[in-house]
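*Asks:* Provided below are the primary sequence and the corresponding predicted coordinates.
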Amino acid sequence: MNEIVKKDFFVKKSKRSRIAAWFGVFLMFMLICSIVSRGIYAMQIPRVVTGYATVKSIEHKIEGDGMIAEGSEHPVNIREGILVSEVCVKEGEKIDEGTLLLRLDLDSLKEKYEEAGQRVEEERTRLNDLQSNKSATQDAANKEKNRAQTDLLRITGEQNDLVASAQGKFDAAAAEEANYPDFDTYFEEKKSSDAEYKSMKESGGKELKAYENKLRESAKEEWENKKNELRAAKEEAEAALLEAKKNSDSAIENARRNAEDAGKISQDNAGILAQQNVVADCEEEAAELKALLDANGEIVSKIAGSIAKVNIYAGDTTVDGAAFLVAGGEEGWTFSARIMQDQKKYVSSGDAMEVNFADLGIRLYDVEIVSVQKDEEGMYEIRAKLEEPGLSLGDTGTFSIVKSGEEYPCCVPLSALYAGDSTTYVLIVQEENTILGTELRAVKREVTVVDKNDTYAALDGAPLTKDEPIITSSDRAVAADARVRPEEP
């Protein structure tokens, strides 16, 4: 009996162990399925990289190509009428100081020099003829000049005396008016000089008051009449003074002009001066032609630079005007470049830029922009002066302008912006509690862009706080309200 009970106990125990084992296997299987399921679910959620809004100034960089458009142009002038034998340079060619520009025909040059020598002799003879009467003419002019100066001194003294006299009369009239007593004082003096009034006052008669009133009225009229006379006398003296000054200024000015005009060089003397200039011009021409003959008709450049323009060729005869234009950089070069219309708002006169001539190994910093002008094609030409002797007309280079704008309180990476239907927005990562635990969700927030460059955008106002993470990149497209997971480092 005991053995049967004991056997039954072991059988039941073995059955319970198997059930527990299988239940453990089931739980393990469910755990594995849950982990696999969560892994598959997580793999479908976009991985994102987040950043934060910052306070930043938006920097704009404008780059492009340009060239040396012009320098200081120096004309090469040659006396006209000489045959050209050979032109030794062409437009755009770089030259040094002393580079041979052209050769003149020596026979033509000698003929021109002989003609210039003859003209010098002829003009000198004319000058000698004109100078023969110079002494007598100059004496007469000196006498006229002295007489006019004497008249000027005399008239100036007379007019000053007239003005001084008028001034004295005005001062006396003004003083008399200023010293005239007021009515009360005048009336008291009137009473003290009136015998009848004094008699009545001593006797104490009843008619004293009536007589005093009558005397006051009479004195008032006399006082006012005298005051008006004094005022009129002062005004008359003032008018006379102004007229005297006006007449004095006019008389002295006329005398001064007469003194200036008197003794001026007569027509004969003017002719002498003109002829002297003619002789000097002829002598200068002859000297230039002699120097060309001494140089065997060779004309060389006096500066280093580039040939900007050639206006004459072999077989031509020199004419009045520049035969060559040589562009030099001793006064600076002009660098010219063009920018688009939408870039103009970031570029102004006075801004600094960097210019690089890579082929020449020349890099210039802090070059000031001197002008920004709209051209016929709607673009804008920027110009800058370069002080660099190693440059030449036509050299090409690149430029770079960096312009820092105003500081904005809310700036985000450009990659954080999304475009919707006529809207712009960012995606903010927010935590959300679910049955599966805490998850992250991309929440849409519309923003307005007020400025941007290639990397950052400035937002209007402060739509984001510095602690709100925003999505800056992801491994796949992220829609608004979608679940996301952070990119693991």
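*Replies:* On my side now, so go ahead. Residues are numbered from 1 along each chain as shown.
*Asks:* low-confidence ranges in the stretch 101-250 of the chain?
*Replies:* For the stretch 101-250 of the chain, the stretches with pLDDT under 70 are 133-140, 204-206.
*Asks:* Would you state the helices of it in chain order?
*Replies:* Using DSSP state H, counting those that start in this stretch, the helices of the stretch 101-250 of the chain run over residues 106-131, 134-179, 183-193, 195-203, 208-261.
*Asks:* who wins for proximity to Glu354 among those?
*Replies:* Evaluated over the helices of the stretch 101-250 of the chain, closeness to Glu354 peaks at helix 106-131, with 50.7 Å, by C-beta to C-beta. From N, CA and C alone the C-beta is placed, and that goes for glycine too.
*Asks:* Can you tell me which helices and strands the closest one packs against?
*Replies:* Here helix 106-131 touches helix 267-294, going by 3 or more C-beta pairs under 8 Å, 6 or more residues apart in numbering; DSSP states H and E.
*Asks:* re earlier: TSV for the helices of the stretch 101-250 of the chain, including mean neighbour count and distance to Val89?
*Replies:* Output for those, formatted as TSV (neighbours: other C-beta atoms under 10 Å; distance: least, C-beta to C-beta, whole Å):
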stretch	mean neighbour count	distance to Val89
helix 106-131	15	20
helix 134-179	14	50
helix 183-193	13	101
helix 195-203	12	117
helix 208-261	14	55
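*Asks:* Let me know which of the ones you listed is the nearest to Pro413.
*Replies:* Nearest of these (C-beta to C-beta): helix 106-131, 75.0 Å.
*Asks:* List phi and psi for the spatially most central residue of the chain.
*Replies:* Central residue of the chain (C-alpha atoms, centre = their mean): Ser349, 6.7 Å from the mean position. The phi/psi pair for Ser349 (degrees, to the nearest 10) reads phi -60, psi 140.
*Asks:* Can you tell me the SS state at Gly98?
*Replies:* Put simply, Gly98 is coil when judged by DSSP: H, G, I helix; E, B strand; the rest coil.
*Asks:* Which residues lie in contact with the residue nearest to it when sequence neighbours are not counted in this structure?
*Replies:* Leaving aside its sequence neighbours, Gly98 sits nearest to Val300 (C-beta to C-beta, 6 or more residues apart in numbering; 5.2 Å). Going by C-beta atoms under 8 Å, 6 or more residues apart in numbering, Val300 touches Gly98, Thr99, Leu100, Leu101.
*Asks:* Save the helices of the stretch 101-250 of the chain as a markdown table, and put in distance to Thr396 too.
*Replies:* Listed next are the helices of the stretch 101-250 of the chain as a markdown table, based on distance: least, C-beta to C-beta, whole Å:
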| stretch | distance to Thr396 |
| --- | --- |
| helix 106-131 | 40 |
| helix 134-179 | 64 |
| helix 183-193 | 97 |
| helix 195-203 | 113 |
| helix 208-261 | 61 |
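*Asks:* So for Ile362, which of those helices sits nearest?
*Replies:* helix 106-131 (41.7 Å).
*Asks:* I'd assumed Tyr380 was in contact with the residue nearest to the centre of the chain.
*Replies:* No - Ser349 is not in contact with Tyr380 according to C-beta atoms under 8 Å; the separation is 11.4 Å.
*Asks:* Need the residues touching each of these two.
*Replies:* Val372.
*Asks:* so what's the backbone phi/psi at Phe357?
*Replies:* phi -110, psi 90.
*Asks:* Averaged pLDDT, stretch 464-480. What do you get?
*Replies:* The predicted model assigns stretch 464-480 a mean pLDDT of 87.
*Asks:* excluding its backbone neighbours, what's nearest Glu189?
*Replies:* Closest to Glu189 by C-beta to C-beta, 6+ apart is Pro181, at 7.3 Å.
*Asks:* Contacts only, for Ala462.
*Replies:* Contacts of Ala462 (C-beta under 8 Å, 6+ apart): Pro409, Cys410.
*Asks:* and it, which of the three is it?
*Replies:* Taking three-state DSSP, the label given to Ala462 is coil.
*Asks:* From Ser474, how far out is the residue nearest to Gly98?
*Replies:* Distance, Val300 to Ser474, using C-beta to C-beta, to the nearest Å: 71 Å.
*Asks:* What of Ser306?
*Replies:* 56 Å.
*Asks:* if you count what's nearby, which of those two comes out ahead?
*Replies:* Ser306 (22 against 19; other C-beta atoms under 10 Å).
*Asks:* Ala327 is in contact with the more buried one, correct?
*Replies:* Yes - under the criterion of C-beta under 8 Å, Ser306 makes contact with Ala327 at 4.9 Å.
*Asks:* and the nearest residue to Gln343 once chain neighbours are set aside, what helix or strand is that in?
*Replies:* Closest residue in space to Gln343, ignoring its immediate chain neighbours: Ile62 at 5.1 Å, by C-beta to C-beta, 6+ apart. Using DSSP states H and E, Ile62 maps to strand 54-70.
*Asks:* Which neighbouring elements make contact with that strand?
*Replies:* strand 333-339, strand 380-386, strand 396-413, strand 456-459.
*Asks:* so what strands line up beside the last one?
*Replies:* Listed by DSSP bridges, the sheet partners of strand 456-459 and their directions read strand 396-413 (antiparallel), strand 449-452 (antiparallel).
*Asks:* so for the last one, what's the average pLDDT?
*Replies:* Strand 449-452 shows an average pLDDT of 88 in the prediction.
*Asks:* swap in the longest one?
*Replies:* Mean per-residue pLDDT for strand 396-413: 89.
*Asks:* Show me what the very next helix or strand once past it is in contact with.
*Replies:* Downstream of strand 396-413, the first helix or strand assigned by DSSP H and E is strand 418-419. Strand 418-419 has contacts (C-beta under 8 Å, 6+ apart) with Thr424, Tyr425, Val426, Leu427.
*Asks:* ok but the third one is inside a helix, no?
*Replies:* So that's Val426. No - if the criterion is three-state DSSP, then Val426 is strand and not within a helix.
*Asks:* what about it, neighbour count?
*Replies:* For Val426, using other C-beta under 10 Å, the count is 24.
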